[in-house]
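*Asks:* just the structure for this:
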Amino acid sequence: MFFRSKKSGPRVYLQIVENHWRDGQPRQRVLATLGRLDQLHEHGQVDALLQSGARFAQKLLVLTAHDQRQLPVVRTQHLGPVLVFERLWRETGCQAVVQQLLSERRFEFSVERAVFITVLHRLLHAGSDRAADKWKHDYLLEGGGDLDLHHLYRAMAWLGEELPANQQQGSTKLVPRCTKDAIEEQVFAGRRDLFTDLEIVFFDTTSLYFEGSGGERLGQYGHSKDHRPDEKQMVVGAVLDGDGRPICCELWPGNTTDVTTLIPIVDRLWRRFSIRQICIVADRGMISQNTITDLEQQGWPYILGARMRKQKEVRDQVLADRGRFRVVYGPRQQATDPAPLKVKEVWIEDRRYVVCVNAEEVAHDRLARQAIVAHLREQLRQGDKSLVGNKGYRRYLKVEGEGHFAIDKTKLAEEARYDGTWVLRTNTELPTADVALQFKRLWQVEHWFRSCKSLLETRPIYHQRDATIRGHVFCSFLALLLRHELQTRLRERGHAFEWADVLQDLERLQVVDVEHEGKRFRLRSELTGVCGRVLQAAGVAVPPAVAQLDGDGGAN
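*Replies:* As a prediction, the model looks like this:
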């Protein structure tokens, strides 16, 4: 029902009307004619009518009183992130798998809730479990009020708990099978119809240093990618499929080198996920001759980046080859066109290499080097002592005379050989262009991985046991899984939102609990920015603007 003004001759009348269907068409039926609109206004009867009816519109009164700041606010909490990621937590199978693994355990608290809360905290405000315990009170989290800090610690310990001896198939001396591995495998199995067969997987690693002691075995001194050799650290690896979907993560002591992790990862992928055949794509940090030998002996296809400057065969023979390049992509006509690419195949005995060149990168590298050399010449005029410790300059210098530096033209010419160029080593039978394109996809995945590293940078890690450290980092991996799921759904709808905008606008969706005439109501804020489209992509219904709460705080 609604009010409608109806003109009849020179006069306008106010009517109450309702919509109804008749003969398959929408019609309007007049329920009452209240009188001439000018006379109703003159005697204030419209205002009196609305005020009288407002007594029966309790929710409208609540909104009006809240807007006029006449109601006491009980609490304000964030709602948007909870709505979206709670839905994804269920639909990715994470919730069901965790609950199933807990079915035979007897915890006096909800471990599943503790895990989800920790994962959500990683997505929004990466930090310690102690910070998550304080943070959760600002969000409308089901079961959050029943959990204390020690519950979060115990949940992390369960995630990183070593499985019984009869479930250690596929483990290694450095990497025992834990609860987290069972979760990864069952989540993967539940979504396998979407994966079909894994054909390409990408592998990348990072290092995390500890503020605490670093556990019993994980915390070790090693090559720190964070430039903190003074702190103990651990190595974290993530395996992604060709679309960038996280499959699993691995954790090693901090003194483990990248080249020793690739073969165990390949072997564990085969054992854990029953994968018949995959092609490993990895960058230069993963490659060594022993690694390649092991991959070939076990029959695993690979596409690996070669170290152009350090490998003599690549530097002196592959790059010196005079064979013709084949153009895969020419110069861009539009910004959305793929980057220019030309490739050629080079065989050294039975070893297959693919040389790739990007003309845009050739020009970029040349200009960058020219800028460095110009600045270097200026520095040399002012004295060369300040150049000793500068690695960026050192590669273009030579010692001349009594300990003085000069620009090395031979090195400049040598560096020009590498402009916009990369070399791949492969044992696949893929066409040359496909080898290059698959490796370029690794760059895209690495870019995504770098953009997500804040989720893996879970410092400060104060845990003293390896199990709780593994659980703590694994929650960051689960956060990556949920992030990828949401971004995939947004992309399928044609959205390309900045991740920061997604989180910011979700955080702005809040609920306010207020009291009015002895009753408690929950008011929802307006949707702003991209929030509405994110909720739609996640399949989440927008809650009502006003809802009355029952005695337990639930909305009616």
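*Asks:* end-to-end on stretch 282-290?
*Replies:* Length of stretch 282-290, first residue to last, C-alpha to C-alpha, to the nearest Å: 15 Å.
*Asks:* let me see the mean pLDDT of it.
*Replies:* Taken as a whole, stretch 282-290 carries a mean pLDDT of 69.
*Asks:* now do stretch 238-247
*Replies:* Per-residue scores along stretch 238-247 average to 78.
*Asks:* how about it as CSV, C-alpha atoms only?
*Replies:* The C-alpha trace of stretch 238-247 is given here as CSV (Å, rounded to 0.1, in the frame of the first residue of the first chain):
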residue,chain,number,x,y,z
ALA,A,238,53.6,-22.2,-1.5
VAL,A,239,52.5,-24.4,-4.4
LEU,A,240,49.9,-22.8,-6.7
ASP,A,241,48.1,-24.3,-9.7
GLY,A,242,48.2,-22.7,-13.2
ASP,A,243,45.4,-20.3,-12.3
GLY,A,244,47.2,-19.1,-9.1
ARG,A,245,44.9,-21.2,-6.8
PRO,A,246,46.8,-22.2,-3.6
ILE,A,247,47.2,-26.0,-3.3
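*Asks:* counting neighbours, which bits of that stretch end up buried?
*Replies:* Ala238, Val239, Leu240, Asp241, Gly242, Gly244, Arg245, Pro246, Ile247 (16 or more other C-beta atoms under 10 Å). In short, each C-beta sits where N, CA and C put it, glycine included.
*Asks:* report the distance from that stretch to the chain centre.
*Replies:* 11 Å (C-alpha atoms, centre = their mean, to the nearest Å).
*Asks:* name the single longest helix found in this structure.
*Replies:* helix 466-492 (DSSP state H).
*Asks:* so which bits of it are buried?
*Replies:* 466-487, 489-490.
*Asks:* what residues does stretch 297-305 touch?
*Replies:* 266-267, 277-284, 286-287, 291-292, 295, 422-428, 430, 435, 438-439 (C-beta atoms under 8 Å, 6 or more residues apart in numbering).
*Asks:* ok, which stretches of the stretch 451-556 of the chain are strands?
*Replies:* Applying DSSP state E, counting those that start in this stretch to the stretch 451-556 of the chain gives strands spanning 510-516, 519-524, 546-548.
*Asks:* rewinding a little: dump the buried residues of stretch 238-247 into JSON lines; add distance to Leu380 as well.
*Replies:* Formatted as JSON lines, the buried residues of stretch 238-247 follow (distance: C-beta to C-beta, whole Å):
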{"residue": "Ala238", "distance to Leu380": "44"}
{"residue": "Val239", "distance to Leu380": "47"}
{"residue": "Leu240", "distance to Leu380": "46"}
{"residue": "Asp241", "distance to Leu380": "50"}
{"residue": "Gly242", "distance to Leu380": "48"}
{"residue": "Gly244", "distance to Leu380": "46"}
{"residue": "Arg245", "distance to Leu380": "51"}
{"residue": "Pro246", "distance to Leu380": "49"}
{"residue": "Ile247", "distance to Leu380": "51"}
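*Asks:* just the ones of those residues in strands?
*Replies:* Judged by DSSP state E, the buried residues of stretch 238-247 include Ala238, Val239, Leu240, Asp241, Pro246, Ile247 as members of strands.
*Asks:* any chance of JSON lines for the residues you listed, columns distance to Phe109?
*Replies:* Output for those, formatted as JSON lines (distance: C-beta to C-beta, whole Å):
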{"residue": "Ala238", "distance to Phe109": "30"}
{"residue": "Val239", "distance to Phe109": "32"}
{"residue": "Leu240", "distance to Phe109": "33"}
{"residue": "Asp241", "distance to Phe109": "34"}
{"residue": "Pro246", "distance to Phe109": "27"}
{"residue": "Ile247", "distance to Phe109": "30"}
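*Asks:* is the residue lying closest to Leu523 once chain neighbours are set aside bridged to anything, and to what?
*Replies:* For Leu523, ignoring the flanking residues on the chain, the nearest one in space by C-beta to C-beta, 6 or more residues apart in numbering is Val512 at 4.7 Å. Judged by DSSP bridges, the bridge partners of Val512 are Thr76, Leu523.
*Asks:* ok, Val512 touching Glu526?
*Replies:* No. Contact criterion C-beta atoms under 8 Å: Val512 and Glu526 do not qualify, at 12.0 Å.
*Asks:* which one's more surrounded, the two?
*Replies:* Val512 (16 against 10; other C-beta atoms under 10 Å).
*Asks:* all strands of the stretch 101-250 of the chain, in order?
*Replies:* Using DSSP E, counting those that start in this stretch, strands in the stretch 101-250 of the chain cover 200-209, 233-241, 246-253.
*Asks:* got those as CSV, with distance to Arg520 columns?
*Replies:* Below are those laid out as CSV (distance: least, C-beta to C-beta, whole Å):
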stretch, distance to Arg520
strand 200-209, 44
strand 233-241, 45
strand 246-253, 41
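*Asks:* wait, which of these is closest to Val327?
*Replies:* With C-beta to C-beta as the criterion, Val327 lies closest to strand 200-209 of the strands of the stretch 101-250 of the chain, at 24.0 Å.
*Asks:* run a quick neighbour tally on the nearest residue to Ala363 once chain neighbours are set aside.
*Replies:* Closest residue to Ala363 apart from its sequence neighbours, by C-beta to C-beta, 6+ apart: Gly420 at 7.5 Å. Under the neighbour criterion other C-beta under 10 Å, Gly420 is assigned a count of 18.
*Asks:* where's Gly420 relative to Glu250, distance?
*Replies:* 33 Å (C-beta to C-beta, to the nearest Å).
*Asks:* got a ChimeraX select line for the buried ones in the contacts of stretch 297-305?
*Replies:* Entered in ChimeraX, the line below selects the buried ones among the contacts of stretch 297-305, by 16+ other C-beta under 10 Å:
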select :266,278,279,280,281,282,283,286,287,291,292,295,422,423,424,425,426,427,435,438,439
